[in-house]
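**Q** sequence first, then the predicted structure:
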2 protein chains.
Amino acid sequence: MTDAVDPPRSRRPNARLEEVARAAGVSKSTVSRVVNGEPYVSSKARAAVHQAIARLGYSPNQAARTLAGSRANCIALVVSEPGSRVLADPFFAGVLRGVHAELAGKRVQLVLMMSKDGDEQDLVNYLCGGHVDGVLVISLHGQDPLPRTLADAGLPTVVGGRPLGAGGVPYVDSDNFDGAMEAARYLVSRGRKRIATIAGPRDMAVGMDRLSGWKRVLSQARMDMDLVAYGDFTPESGAVAMEELLTRDPSLDAVFVGADIMAMGALQTLHARGKRVPEDVAVVGFDDLVIASTAVPPLTTVRQDVEQLGRTMTWRLMAELAGEEDLPPFLLLPTAMVTRASA
Amino acid sequence: MTDAVDPPRSRRPNARLEEVARAAGVSKSTVSRVVNGEPYVSSKARAAVHQAIARLGYSPNQAARTLAGSRANCIALVVSEPGSRVLADPFFAGVLRGVHAELAGKRVQLVLMMSKDGDEQDLVNYLCGGHVDGVLVISLHGQDPLPRTLADAGLPTVVGGRPLGAGGVPYVDSDNFDGAMEAARYLVSRGRKRIATIAGPRDMAVGMDRLSGWKRVLSQARMDMDLVAYGDFTPESGAVAMEELLTRDPSLDAVFVGADIMAMGALQTLHARGKRVPEDVAVVGFDDLVIASTAVPPLTTVRQDVEQLGRTMTWRLMAELAGEEDLPPFLLLPTAMVTRASA
DNA sequence: CTGAAAGCGCTTACAG
DNA sequence: CTGAAAGCGCTTACAG
């Protein structure tokens, strides 16, 4: 039993639309029109409203707008929980920055949601319940039906990274296939004869697409494509995969690692085995994380612009929300080879 | 001019509270009570409502709840834009995961906002406008008045990382001072005689607190504390600072780097200068990023639990929102030394 | 323990 | 170009 008086929180209540109307000498309708940038308002009324808004520090109540209007003025970014672990943080943070940059000045809020295992249905209910206008989904695994479900429910949805199980849902991705081809071609052009690869997990398109690019080039060059090992986007898995490859063929002289984070582990193994990089084994990574440039030796890699990925996903979603037509079903962003000391 | 018919989006409108009431044979008030877990409802009515909710897939409209009720059921995470660059992504992503974990099952949404330079006033207007119940602020720089402003406006606010210019605003931080002391003590105990440090920027408490810990230990050990260089939480700045220290005293035999990300640069410089780690120079970092374990050599460092930081900030904020009293004005989270090969 | 009614702050036809 | 009025889907006293 506490006698303590709970002092009512003295947050100055914001001005209301009605007060703005009174101050400007117009109706609520007119204020609403000005706030929403609608065309048919006299410049006199518009000026008066703007002035009143500035003076009163008016900021519209989003909840009321959402409830009264048809739009939530809000989009969701959904991250699958295991993905946020596995795909490593820089990816996520980069996308987030891109999304935010693209949303700047757009009066659209970003709500973050992580899909945990048990609550998929809750998540779908929530998202389809009119709380958001559209959804951005990233770091999907396997054949996750989420994007399909959302799209079928009529909710505009854009996926980041080619989804394996969601044919027809728009997506944006880095051109992983092309980037991997460039990496493999580079190794071939440097005279490497026995080129291995460490690929990402088989249930993610990003892993498979980079593997496919490597395969394509080796097959065109009529080189053996047997040296493939798999990791899971952790340094440890990269180290183990490198061990395996070295055991299978101690004479390999190059390795394309489908993620910088795994390349860090591969570098450790190579170092421990007394292999010089790049003299004995050339190493090329993928992603161009900040750690690539500080690796010993600095890592040659394929850069993907993750922030641009976030921007493009958001642009695509907003365009759809704006009713634009004939939007591309998917978008592939270019990658760029970054040559450093490791290859 | 487009003649295309814009087919109305056929998203099945969610069930409303009213329909649930009808299906359950009770009033809207009762449904509301059940949904909000209020006590005085007969178990019969409660069961009927739960059943109706399940059958109709009802999910309450947040906008309406916010508008009608007093709470927004929403908290904001504010990141200062330059901070999100400088503090490096893992910090941010870690905090985010912690916040989310703590919010799980709480029917509170997380809105993400980045404070850009020009729009500070917009941000404050928005946050104080009743759109959110509370605010979490991270990666503050210098004497940023934001937390003070929010707190003064009566908005519950919790800062992540000790704020330099916001006395009195509750915060949660890793115990950087203590962690740095432990690192310095470790170096002293290993017989190092000439211990340098690379500190973070002077305008961030995290940089200063770690520097202070190092100073305290060296002063207690009656060792010289002149070898201090500053970086800005980038690998490049760590490399430059290491150069400087080596120039000032080529005989230094240890360095405590106030962030793993800078330690990566320091390691590169040491390597380039032919210094063996740890034989010639012992290196201890701070943070225990994933790259610490994959560095060559693997980095001895001080671990801070960033996810726990996010959880704790959220817990503190939610406790305040729940009206709990006598909450601690700040919370310091323990750090832990992780010994690897570099020292 | 339960229900009828008012009201949260906007947007949106509708009528002018 | 402008305003009066209805309504968005809830919560919250209030009366029972």
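**A** Nice, I can see it. The shown structure was predicted, so the numbers you read here are calculated from the model rather than taken from an experiment.

**Q** give me the buried positions along stretch A:291-306.
**A** A:291-297, A:299-306 (16 or more other Cβ atoms under 10 Å in any protein chain shown). C-beta: built from backbone N, CA, C; applies to glycine.

**Q** among these, which one sits closest to A:R194?
**A** Distance to A:R194 across the buried residues of stretch A:291-306 (Cβ to Cβ) is lowest for A:T300, with 17.6 Å.

**Q** which stretches of chain A have low pLDDT?
**A** A:1-13, A:81-89, A:116-119 (pLDDT under 70).

**Q** who in it is up against DNA strand D?
**A** A:26-30, A:33, A:39-42, A:44-45, A:64, A:67-68 (Cβ under 7 Å from any atom of the strand).

**Q** name the SS class of the residue positioned nearest the centre of chain A, please.
**A** Chain A has A:V95 as the residue nearest its centroid, 3.8 Å off, counting by Cα atoms, centre = their mean. On the three-state scheme (DSSP: H, G, I helix; E, B strand; the rest coil), A:V95 is labelled helix.

**Q** distance check, it against B:I195.
**A** Distance, A:V95 to B:I195, using Cβ to Cβ, to the nearest Å: 40 Å.

**Q** over to A:A292?
**A** 30 Å.

**Q** which member of the buried residues of stretch A:291-306 is positioned nearest chain B?
**A** If you rank these by distance to chain B using Cβ to the nearest Cβ, A:T294 comes first, at 3.8 Å.

**Q** what sits against the closest one?
**A** Residues counted as contacts of A:T294 (Cβ atoms under 8 Å, 6 or more residues apart in numbering or on different chains) are B:P235, B:M264, B:G265, B:L267, B:Q268, B:I291.

**Q** want to throw these into a markdown table with secondary structure and distance to DNA strand C?
**A** Listed next are those as a markdown table, based on DSSP: H, G, I helix; E, B strand; the rest coil; distance: Cβ to the nearest atom of the strand, whole Å:
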| residue | secondary structure | distance to DNA strand C |
| --- | --- | --- |
| B:P235 | helix | 47 |
| B:M264 | helix | 49 |
| B:G265 | helix | 50 |
| B:L267 | helix | 55 |
| B:Q268 | helix | 54 |
| B:I291 | helix | 47 |
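
**Q** now distance to A:G323 too, for these, in TSV please.
**A** As requested, these are exported to TSV (distance: Cβ to Cβ, whole Å):
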residue	distance to A:G323
B:P235	46
B:M264	48
B:G265	49
B:L267	53
B:Q268	52
B:I291	45
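
**Q** now for those residues: which two are most distant?
**A** Greatest spatial distance among the contacts of A:T294 (Cβ to Cβ): B:Q268 and B:I291, at 12.5 Å.

**Q** tally of neighbours for the closest residue to DNA strand D within the stretch 151-300 of chain A?
**A** Going by Cβ to the nearest atom of the strand, DNA strand D is nearest to A:G154 of the stretch 151-300 of chain A, at 15.5 Å. When neighbours are counted by other Cβ atoms under 10 Å in any protein chain shown, A:G154 registers 13.

**Q** is it in a helix, a strand, or coil?
**A** Per three-state DSSP, the local secondary structure of A:G154 is coil.

**Q** what is the burial count for the closest residue to A:L211 other than its chain neighbours?
**A** In this structure, A:L211 finds its nearest non-sequential neighbour in A:A199, 4.1 Å apart by Cβ to Cβ, 6 or more residues apart in numbering or on different chains. When counting by other Cβ under 10 Å, one arrives at 26 neighbours for A:A199.

**Q** beta partners of A:A199?
**A** Counting by DSSP bridges, A:A199 is bridged to A:Y230.

**Q** thought it was touching A:D232?
**A** No: here A:A199 does not reach A:D232: they are 10.3 Å apart, not a contact under Cβ atoms under 8 Å.

**Q** just the helices from chain A, written as ranges.
**A** Listed in chain order, the helices of chain A (DSSP state H) span residues A:17-24, A:28-35, A:43-56, A:62-68, A:81-86, A:89-103, A:120-126, A:146-152, A:176-189, A:205-220, A:235-248, A:260-272, A:290-294, A:306-321.

**Q** so which of those is the most surrounded?
**A** Stretch with highest mean neighbour count among the helices of chain A: helix A:260-272 (a mean of 25; mean count of other Cβ atoms under 10 Å in any protein chain shown).

**Q** what's near enough to touch the residue in the stretch 101-250 of chain A that DNA strand C sits nearest to?
**A** DNA strand C sits closest to A:R107 of the stretch 101-250 of chain A, with a gap of 9.8 Å, by Cβ to the nearest atom of the strand. Contacts for A:R107 (Cβ under 8 Å, 6+ apart) come out as A:N73.

**Q** distance check, it against B:V137.
**A** Separation of A:R107 from B:V137 (Cβ to Cβ) stands at 22 Å.

**Q** how's chain A carved up into domains?
**A** Domains of chain A are assigned by automatic domain parsing as A:17-60, A:74-174+A:307-332, A:176-303.

**Q** can you redo the ones you listed as a markdown table with distance to B:D178?
**A** Output for the domains of chain A, formatted as a markdown table (distance: least, Cβ to Cβ, whole Å):
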| stretch | distance to B:D178 |
| --- | --- |
| domain A:17-60 | 42 |
| domain A:74-174+A:307-332 | 25 |
| domain A:176-303 | 28 |
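
**Q** ok, which of those domains comes nearest B:A184?
**A** Per Cβ to Cβ, nearest to B:A184 of those: domain A:176-303, 24.0 Å.

**Q** farthest-apart pair in the residues of chain A next to DNA strand D, please.
**A** Spatially, the most separated pair among the residues of chain A next to DNA strand D is A:K44 and A:L67, at 30.7 Å (Cβ to Cβ).

**Q** burial of A:L327, as a residue count?
**A** A count of nearby residues for A:L327, using other Cβ under 10 Å, gives 13.

**Q** so who does it touch?
**A** A:L327 neighbours (Cβ under 8 Å, 6+ apart): A:P170, A:R316, A:A319, A:E320.

**Q** mind picking the two most distant members of the residues you listed?
**A** Once Cβ to Cβ is applied, the contacts of A:L327 give A:P170 and A:A319 as the farthest pair, at 10.1 Å.

**Q** sorry, back to before: which one of the residues of chain A next to DNA strand D is nearest to chain B?
**A** Chain B has its nearest neighbour among those in A:L67, at 4.3 Å by Cβ to the nearest Cβ.

**Q** that closest one reaches B:L67, doesn't it?
**A** Yes: A:L67 lies in contact with B:L67 (Cβ under 8 Å); the separation is 5.5 Å.

**Q** from chain B, how far off is A:E243?
**A** 15 Å (Cβ to the nearest Cβ, to the nearest Å).

**Q** tell me the contacts of the residue lying closest to that residue once chain neighbours are set aside?
**A** Of all residues not flanking A:E243 in the chain, A:T269 sits nearest, at 5.5 Å (Cβ to Cβ, 6+ apart). The contact partners of A:T269, by Cβ under 8 Å, 6+ apart, come to A:G238, A:A239, A:V240, A:M242, A:E243, A:L246.

**Q** and the stretch 51-200 of chain A, which residues reach DNA strand C?
**A** So the stretch 51-200 of chain A meets DNA strand C at A:Y58, A:P60, A:N61, A:A64, A:R65, A:L67, A:A68, A:G69, A:S70, A:R71 (Cβ under 7 Å from any atom of the strand).

**Q** one more time with 10 Å
**A** When proximity is defined as Cβ under 10 Å from any atom of the strand, the stretch 51-200 of chain A approaches DNA strand C at A:58-71, A:73, A:107.

**Q** just list the residues touching A:L146, thanks.
**A** By Cβ under 8 Å, 6+ apart, the contact list for A:L146 reads A:V78, A:S80, A:S115, A:E120, A:L123, A:V124, A:V137, A:L140, A:A166.
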